[in-house]
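[1] no sequence on this one, just coordinates:
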């Protein structure tokens, strides 16, 4: 029972898977055409060509590295960084004239020059140069690098075979013992041009040398065998093997005037393809005379660059050369001495002495419908999902409607049942809810398809005043939600057929009635909104029709005019899955009208800055998911849910330009029909191309105070935040997006977290500058948009600016503590000084007490003695003099004490005056004695 239930569930699933798989691969009538190639020249700023590129590699970040006669270049799809040899500067590359490139582990770029090897770490651009081998001999003309399984890098050079050990510290010459050469320059006798591993013996290397193809035994460190091309018998053929490409067990070789020789590593035998025959002249040779380069194209084909005649495709099965088809103003594929490369995206790159070109993989991807009935162009397409039939309305010199059944792969041609010889030019094809397929025509009115009779039948409803309506131009057929069929005409207004299709209402413009239809002619646009109103567009503008009141209104276009959008040819009106209305108004742009609440409108206008090619907007339709497709001098895809867009024109898909009356149809398989062109699965391509042409975003350099950070690694954004000084506060961030297609649709935005909370305005400038940043933590973030959609790469770098030390908390704390200590020291010192002064005063007081006491005591004693002997003592006079002297001395001592404790005397002048007085008092008695002794006055 369980098994039956499981089978019951599996059966529908199997049907769904089968249906989905088959639905992805409808069979369409496609014209066979040759593969076509379009190239775009890559130029330096100033429109300078890039000449003589000999090697190309691409790293994992998307950068393309180019080497040639003019140095090393790094290219990101729009900008270049160039490296040259600078004489005397060992940090520059070893040679400006480079011959080869190899990228080791996606980090070390090995460059082979004429004077040695340079190793560059592409993360930091640090360069190491190796100019000599183990014996000090110069390493010259390095043509190739080959990595071995053990990490050894084998190097092809002028003096033979070299090896570079995994530590990358030195190069060893293996001194090949090659035989002498009989043709060519003896200086090149030991030269090795290319290296690979023998497919049958991993101990042997295959070497392309001046003396031909040889094998090298790695263990024995010697030549194993020499393989001369004995089939190369033409007298102008030379033995050197300049390059080979490995194709399984085969080596396809580039030799001089030897066709396209192939070496079989299993049988170790040669076979020469397209070999020039004896007696052939250079001007008439049909094979490959001389090959300048070659590259595997597919399992069966090889790209071969003929020395004189350009690029060819060599078919290994039929051994024929074919010329690739190219349609452009100059014949890139015909240039002489081309070199050919292929990078990760599959695009070819061609170089020569005249320039560098990259293949445009998007060009010419559409196909042409193969409709076997007379017509000038396809004017309308309808995919009937029920029957899987495709109806093609034809125009000019056409006489019916073509129908392709993709299931039976059969055509049916529906012609009018009357007047078959009269031209039948279709404007629109529409299938209504009743299953009737209607055809609107130019000058022949409205028709419908009768599958039973396989004819087109005319439709009309007789009326007294509108019989002419059914025999003139009808542009548009539309069915509303009430199953009414609306018809837009060339100059007779619009008509509404009832669901039974037996009654018609006709609406025309009446200049005296503002509630009548607006417009005079070309009623090409009809659509119904979420509220049941019918929007009608004409050459002069648009209006809306309210079925409840049966009146027309210009309210919405008048509101648009207030927002600066004028009336214009409203070619198309459609409703998306969110019920927003979209209008193409020629000269004004693409207009979006949202009405979440009835009669409350929100407008958005898309113009050239929003992705339009120009303001010539014509037919528009939607796919099943509600994405818009617009004829805009090309094919414009717009996703209204994220505003991503992609323009398809002759540069990136279309075979020829579309415009005029071309209409677009997107079937359920994602095929896009536009006129007679069809993009198979183009819906998926448009979604992919609208978002993914930017492969990477990098912050590639940082400068602080105009000085670049030399150790900045743009490949590592997870490093520790950088800390800088307070005066290193001017930052410049350089960034770039890797984008090789439509770079003019790339924009950048950035912000500095810690300073800004919102993004800066979108810009195409590749750097951001910030000056006078305050101390703190910061995070610089940059993002990139492609065609209006922000991709969310959000590359970032964090850094911190230190505070000036005198503004740090610890410095302020220490400073505060120091100030407190100073004031405290002053306070303590002041206190100690006061205590010291007090002690001095106490000592002075004590001394004063003793001096005054003893003096007063002496005065008292002498006074007593004098009183007792006043009359009879002969010493009375002497004692009176002593009493006077003692009293004066005591007064002077008191003056000195009072002077010394007076703070006003603490200056040099008062001290000197005091010293004068003291000296005079001390000398005065002596001088008086002297004057008395000599009788002087």
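    Thanks, I have the structure now. If you're wondering where the values come from, they're calculated on a predicted model, not measured in any experiment.

[2] so what's residue 395 up against?
    The contact partners of residue 395, taken as CB atoms under 8 Å, 6 or more residues apart in numbering, are 375, 376, 377, 378, 379, 425, 426, 442, 661. C-beta: built from backbone N, CA, C; applies to glycine.

[3] right, and residue 142 touches residue 113 too?
    Yes. Between residue 142 and residue 113 there is a contact under CB atoms under 8 Å: 6.3 Å.

[4] anything in contact with each of those two?
    residue 99.

[5] ok, the two, which is more surrounded?
    Neighbour count, other CB atoms under 10 Å: between residue 142 and residue 113, residue 142 has more, with 28 against 25.

[6] so what secondary structure elements neighbour the helix ranked longest in the chain?
    For the chain, the longest helix by residue count, based on DSSP state H, is helix 809-868. Helices and strands touching helix 809-868, by 3 or more CB pairs under 8 Å, 6 or more residues apart in numbering; DSSP states H and E, are helix 876-901.

[7] quick check: mean pLDDT of the helix it packs on?
    The average pLDDT within helix 876-901 is 69.

[8] in the sheet, who's paired with residue 439?
    residue 429, residue 447 (DSSP bridges).

[9] I meant to write residue 75 there.
    residue 64, residue 80.

[10] next, count neighbours for it.
    That count, for residue 75 with other CB under 10 Å as the rule, works out to 23.

[11] ditto for residue 696
    Residue 696: 17 neighbours (other CB under 10 Å).

[12] any idea how far residue 444 is from residue 534?
    25 Å (CB to CB, to the nearest Å).

[13] all the helices of this structure, in order from the start?
    Going by DSSP H, the chain shows helices at 2-23, 555-562, 682-689, 809-868, 876-901, 908-933.

[14] what packs against the third one?
    Using 3+ CB pairs under 8 Å, 6+ apart as the contact test, the elements touching helix 682-689 are strand 635-639, strand 644-648, strand 672-674.

[15] so which pair among the contacts of residue 395 is furthest apart in space?
    Greatest spatial distance in these: 378 and 442, 14.3 Å, computed using CB to CB.

[16] so where is the stretch 51-200 of the chain shaky, pLDDT-wise?
    184 (pLDDT under 70).

[17] ok so, going back, show me which of the contacts of residue 395 are buried.
    With burial judged by 16 or more other CB atoms under 10 Å, the buried subset of the contacts of residue 395 is 375, 377, 378, 379, 425, 426, 442, 661.

[18] just the ones of these in strands?
    377, 378, 379, 426 (DSSP state E).

[19] turn those residues into TSV, columns for pLDDT.
    TSV is the format used below for those (pLDDT from 0 to 100):
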residue	pLDDT
377	93
378	95
379	94
426	96
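
[20] quick one: the strands in the stretch 451-600 of the chain?
    Ranges of strands in the stretch 451-600 of the chain, per DSSP state E, counting those that start in this stretch, are 455-459, 474-479, 485-489, 494-497, 504-507, 525-528, 534-538, 541-546, 551-553, 570-575, 581-585, 589-597, 600-606.

[21] please identify which of these is closest to residue 352.
    Using CB to CB, the strands of the stretch 451-600 of the chain put strand 600-606 closest to residue 352, at 42.8 Å.

[22] buried residues in the closest one?
    601, 604, 605, 606.

[23] again, but for stretch 106-123
    108-120, 122-123.

[24] and stretch 578-591, by the same measure?
    Applying 16+ other CB under 10 Å to stretch 578-591 flags 580, 581, 582, 583, 584, 585, 588, 589, 590, 591 as buried.

[25] what's the answer for stretch 528-538, then?
    528, 529, 533, 534, 535, 536, 537, 538.

[26] identify the residues contacting that stretch?
    Outside stretch 528-538, the residues that reach it (CB under 8 Å, 6+ apart) are 478, 480-481, 486, 488, 494, 517-527, 542-548, 552, 569-573, 575, 579, 581, 583, 595, 598.

[27] what subset of the residues you listed is buried?
    478, 480, 486, 488, 494, 517-519, 521-527, 542-545, 552, 569-573, 575, 581, 583, 595.

[28] so residue 106 makes contact with residue 59?
    Yes. Shown here, residue 106 and residue 59 form a contact pair, counting by CB under 8 Å, at 5.7 Å.

[29] residue ranges in the stretch 301-450 of the chain under the pLDDT threshold?
    Using pLDDT under 70, the flagged stretches of the stretch 301-450 of the chain are 327-330.

[30] what's residue 347 in contact with, if anything?
    Applying CB under 8 Å, 6+ apart, the residues near residue 347 are 358, 359, 360, 361, 740.

[31] could you rerun that using 7 Å?
    358, 359, 361 (CB atoms under 7 Å, 6 or more residues apart in numbering).

[32] with residue 763 instead?
    Taking CB under 7 Å, 6+ apart as the test, what residue 763 contacts is 747, 748.

[33] model confidence at it, what's the number?
    pLDDT, residue 763: 91.

[34] all numbers from here: first residue = 48
    Let's use 48 as the start, then, which means that last one is residue 810.

[35] give the bridge partners for it, please.
    Here residue 810, judged by DSSP bridges, has bridge partners residue 795.

[36] check the gap between it and residue 794 for me.
    7 Å.

[37] okay, now the unreliable bits of the stretch 648-797 of the chain?
    763-767.

[38] in it, which spans are strands?
    Counting by DSSP E, counting those that start in this stretch, the strands of the stretch 648-797 of the chain are 667-669, 675-678, 682-686, 691-695, 711-713, 719-721, 724-726, 741-751, 754-755, 769-771, 778-786, 793-800.

[39] how far away is the residue nearest to residue 416 when sequence neighbours are not counted from residue 503?
    Spatial nearest neighbour of residue 416, excluding adjacent residues (CB to CB, 6 or more residues apart in numbering): residue 723 at 5.1 Å. Distance from residue 723 to residue 503, counting by CB to CB: 21 Å.

[40] same question, residue 545
    23 Å.

[41] which of these two has more residues huddled nearby?
    Between residue 545 and residue 503, counted using other CB under 10 Å, residue 503 has the larger neighbour count: 25 against 14.

[42] show the pLDDT at the more buried one.
    So, for residue 503, pLDDT stands at 96.

[43] which one of the strands of the stretch 648-797 of the chain lies nearest to residue 293?
    That would be strand 741-751 among those, by CB to CB, at 28.1 Å.

[44] tell me which residues are up against that closest one.
    108-109, 755-756, 759, 761, 771, 775, 777-786, 793, 829, 831, 833, 838, 840, 842, 844.

[45] again, only this time at 8 Å
    For strand 741-751, contacts defined as CB under 8 Å, 6+ apart pick out 108-109, 755-756, 759, 761-762, 764, 771, 775, 777-786, 793, 827, 829-831, 833, 838, 840, 842-844.

[46] what do you get for stretch 600-613?
    Contacts of stretch 600-613 (CB under 8 Å, 6+ apart): 561-562, 565, 588-593, 614, 632, 634-636, 638, 640, 646, 648, 650, 652.

[47] could you redo the last one with a cut-off of 6 Å?
    565, 588, 589, 590, 591, 635, 648, 650 (CB atoms under 6 Å, 6 or more residues apart in numbering).

[48] roughly how far out does stretch 643-658 sit from the chain middle?
    Distance, stretch centre to chain centre, for stretch 643-658: 29 Å (CA atoms, centre = their mean, to the nearest Å).

[49] quote the end-to-end distance of it.
    Taking CA to CA, to the nearest Å, stretch 643-658 runs 26 Å from one end to the other.

[50] excluding chain neighbours, what is closest to residue 905?
    Residue 905 sits nearest to residue 933 (CB to CB, 6+ apart), 5.6 Å away.

[51] equivalent analysis for residue 396, please.
    Using CB to CB, 6+ apart, the closest residue to residue 396 is residue 388 (4.3 Å).
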